[in-house]
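> sequence first, then the predicted structure:
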Amino acid sequence: MVLMREMSDRLTALGLPVAEDCIVVSIDQQKLWILSKGALRSFVISTARAGLGCIQDSLQTPYGLHRVAEKIGSAAPASMVFKARKATGVLSSDWPTPEDNLITSRILWLEGLENGVNAGTDAAGQVVDTKARFVYLHGTNQVAKLGQPNSHGCVLLSDADIIHIFDITPVGTPVLIRA
């Protein structure tokens, strides 16, 4: 598959080992593909309403090569709402403002691997650090809006999909986000 070859080429260019398991996010298709243990699956997602970009406070989904830096929420029930990466004890169905686009079920916290692109600062000195921007793959209560841009920079999935991806994705898995 072309996307997996692109992932391999990007990892090699950064001097990183080619990974057997990986995730590719397509902004224009609003899809995520995961290659895990030789099986390829696709999922419908939502990325940022503000488009593609890496600058802090842009509310855009960062592009380039990342890795799963941390996994949060393994023991939480489906649809548990998280604030500041902590389970609130409230399910999205009981949240007082259901119109909010909530972080639910699980969090895969991303870290950029390309200095000056999605890690550290760019040539102009602007922060472009994906991890410092708190960009995640996570569940959402707004499942009806999946397939169209709807986030503040994160990659949104249904609760069932993020739980499945969380369960099969180890920390360190490469994640390529592309237009």
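Nice, I can see it. Residues are numbered from 1 along each chain as shown.
> what comes up buried for stretch 147-167?
149-159, 161-166 (16 or more other CB atoms under 10 Å). For the C-beta atoms, the positions are set from N, CA and C on the backbone; glycine is no exception.
> same question, stretch 39-57
43-49, 52-56.
> just the ones in helices from those residues, please.
Among the buried residues of stretch 39-57, DSSP state H puts none in helices.
> gap between the two ends of stretch 39-55?
Taking CA to CA, to the nearest Å, stretch 39-55 runs 34 Å from one end to the other.
> returning to that earlier point: which single one of the buried residues of stretch 39-57 is nearest to residue 77?
Nearest to residue 77 among the buried residues of stretch 39-57: residue 43, at 20.5 Å, using CB to CB.
> okay, the residue nearest the centre of the chain: pLDDT?
When CA atoms, centre = their mean is applied to the chain, the residue found nearest the centroid is residue 137 (2.9 Å). The per-residue pLDDT reported for residue 137 equals 98.
> mind checking the longest helix of this protein?
Under DSSP H, the chain gives helix 2-13 as its longest helix.
> which residues of this structure fall in helices?
Assigned by DSSP H, the helices in the chain fall at 2-13, 159-168.
> mind checking which of those helices is nearest residue 78?
With CB to CB as the criterion, residue 78 lies closest to helix 159-168 of the helices of the chain, at 4.7 Å.
> what's that closest one packed up against?
strand 31-36, strand 39-44, strand 103-112, strand 136-139 (3 or more CB pairs under 8 Å, 6 or more residues apart in numbering; DSSP states H and E).
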